[in-house]
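Visitor: Need coordinates for the following:
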Amino acid sequence: HVKGKPLDPSVELAVLARSTPGFVGADLENLVNEAAILAARRNLKTIGQSELEEAIERVIAGPARKSRLISAEEKRIVAYHEAGHAVVMNALPEADPVQKVSIIARGMAAGYTIALPMDDRTLMPRKKLLAEMVGLLGGRAAEEIVFDDITSGASNDIERVTQLARNMVTRLGMSDELGPMVYGQKEELIFLGREISEQRDYSEAVAEKIDQEVRSIVNNAYERAKDILTTYRDKLDAVANRLLEVETINREEFEQIFPPPTPKNTGTPIPQAA
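Guide: You can find the predicted model right below:
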């Protein structure tokens, strides 16, 4: 994708590759094109590492909206919200390492936290899914701990967590209570792969159990997020205050403020002793 493009000699494609796990060819093509546009806007003759890294964020989170007006009070809430995500993810060994935290609005988001896996994966372990849910709820948990009210800023996080929990229970067989079974037959549009409905093949009693199990998984994840933030409240304050000063923190600076308390692992299951 970079063939024929005027790349700066200092560009390290291996570093960019590690920052783009899961990207398909179209994503990489889009990334290189975005970087070329950024370089042209900056009147540069070559595409540098900073343009390519900025392009990754544009592909993942959307273009920056620096013109968006936000009050100092809301900016503080966004800073604590994103710091909450970052601190929780950093404290969980199975969560992906935090690459960047920012309170610059991108797309529809008022701020964003980018955590990227250490390598590509095809299998998703249960511990990894649970860690992802705890990390997603870190923003709402930080709001509850720090402020006298909660906001609508976590709406997308809550939607994603609820869907993850429901998939674990009904599609992935990861519920101890309901066992390794699939609940509900999905009907999809042939060739398009688009889901149009779900045919219920279970009783009202089972439906109630599913709802209880989903609620239990989400609530447990939320309580764990709050416990982590309570334990590392000083780090939460430090990250949020730094965000208010500089707006964006990269991985190196973030880990100087809050070194990972436990070594990171991929979450991949390992053999147990017989």
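Visitor: Grab the nearest non-local neighbour of residue 115.
Guide: Distance criterion C-beta to C-beta, 6 or more residues apart in numbering; nearest residue to residue 115, sequence neighbours excluded, is residue 96 at 4.0 Å. The C-beta positions use only the backbone N, C-alpha and C, and glycine is treated the same way.
Visitor: May I have the secondary structure class of that neighbour?
Guide: Three-state call for residue 96 (DSSP: H, G, I helix; E, B strand; the rest coil): coil.
Visitor: Use 8 as the first number from now on
Guide: Renumbered: residue one is now 8, and that last one reads residue 103.
Visitor: Let me know how buried it is, in neighbour terms.
Guide: 20 (other C-beta atoms under 10 Å).
Visitor: Distance-wise, check it relative to residue 154.
Guide: 27 Å (C-beta to C-beta, to the nearest Å).
Visitor: again with residue 105
Guide: Residue 105 sits 22 Å away from residue 154, going by C-beta to C-beta.
Visitor: Residue 23 too?
Guide: 38 Å.
Visitor: for residue 227, same thing?
Guide: Relative to residue 154, and taking C-beta to C-beta, residue 227 is found at 23 Å.
Visitor: Tell me if I'm right that residue 229 and residue 145 touch.
Guide: No - with contact defined as C-beta atoms under 8 Å, residue 229 does not count as touching residue 145 (9.5 Å).
Visitor: which phi and psi does the residue nearest to residue 122 have?
Guide: phi -70, psi 150 (degrees, to the nearest 10).
Visitor: what residues are up against it?
Guide: 96, 122, 123, 124, 125 (C-beta atoms under 8 Å, 6 or more residues apart in numbering).
Visitor: and those residues, which of them are in helices?
Guide: Counting by DSSP state H, these place residue 96 in helices.
Visitor: Looking at the contacts of residue 103, which is nearest residue 40?
Guide: residue 123 (20.8 Å; C-beta to C-beta).
Visitor: With residue 271 as the reference, measure out to the closest one.
Guide: 12 Å.
Visitor: More neighbours: the two, which one.
Guide: Using other C-beta under 10 Å, the more surrounded residue of residue 123 and residue 271 is residue 123, with 18 against 15.
Visitor: Now for the more buried one: which residues touch it?
Guide: Contacts for residue 123 (C-beta under 8 Å, 6+ apart) come out as 25, 26, 27, 28, 103, 104, 106.
Visitor: Over to residue 257: give its phi and psi.
Guide: In terms of degrees, to the nearest 10, the main-chain angles of residue 257 are phi -90, psi 180.
Visitor: What's opposite it in the beta bridge?
Guide: As for beta bridges, residue 257 partners with residue 107 under DSSP bridges.
Visitor: Quick check, it in contact with residue 106.
Guide: Yes - contact criterion C-beta under 8 Å: residue 257 and residue 106 qualify, at 7.3 Å.
Visitor: neighbour-wise, which of those two wins?
Guide: Counted by other C-beta under 10 Å, residue 257 and residue 106 do not tie: residue 106 has more neighbours, with 19 against 14.
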